[in-house]
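1. Sequence below, structure please.
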Amino acid sequence: MLNVIVLGSGCPNCKKVERLCYDVASENNLNMNLEKITDFRKFADYGIMFTPGLIINGKVMASGKIPTRATLTHWMIEADKG
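-> Numbering: from 1, shown residues only. So this is what the prediction gives:
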């Protein structure tokens, strides 16, 4: 199972990353647990200084940008394998 964390204040970009994660997981039949963290005091605990932040299976994959669908698909499929 993929463990995905989206960190952000709830802004449109953060919501877009969350929606993109759900879409990619659904399209690729990936079992995913997604957690949203909106408490900015916890962002630094994950090494995130800019939002949106994206962590997949404990690894920071993006900070301050929205990954492309193709990139996110690659990351999630690879993380699901390993």
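2. right, and Gly47 touches Val60 too?
-> Yes - with contact defined as CB atoms under 8 Å, Gly47 counts as touching Val60 (5.5 Å). Just so you know, the C-beta spots here come from the backbone N, C-alpha and C atoms, and that holds for glycine as well.
3. where does the chain have low pLDDT?
-> Nowhere does the chain drop to pLDDT under 70.
4. Break down it into its strands, ranges please.
-> 2-7, 32-37, 53-56, 59-63 (DSSP state E).
5. between those, which one is nearest to Ile77?
-> The closest of the strands of the chain to Ile77 is strand 2-7. By CB to CB, the value is 9.5 Å.
6. How far does stretch 54-74 stretch from one end to the other?
-> 14 Å (CA to CA, to the nearest Å).
7. In the protein, which residue is most central in space?
-> By CA atoms, centre = their mean, the mean C-alpha position of the chain lies nearest to Leu54, the distance being 3.3 Å.
8. Test my guess that it contacts Val4.
-> Yes - between Leu54 and Val4 a contact is recorded at 7.3 Å, counting by CB under 8 Å.
9. can you list residues touching both of those two?
-> Cys21 (CB atoms under 8 Å, 6 or more residues apart in numbering).
10. Okay, and the beta partners of Asn3?
-> In this entry, Asn3 is beta-bridged to Asn33, by DSSP bridges.
11. Verify the stated contact: it with Asn57.
-> Yes - using CB under 8 Å, Asn3 makes contact with Asn57 at a distance of 5.5 Å.
12. More neighbours: which of the two?
-> Asn57 (16 against 13; other CB atoms under 10 Å).
13. Show me what the longest helix seen in the chain is packed against.
-> Ranked by number of residues, the top helix in the chain under DSSP state H is helix 12-27. Helix 12-27 sits against strand 2-7, strand 32-37, helix 69-81, with contacts defined as 3 or more CB pairs under 8 Å, 6 or more residues apart in numbering; DSSP states H and E.
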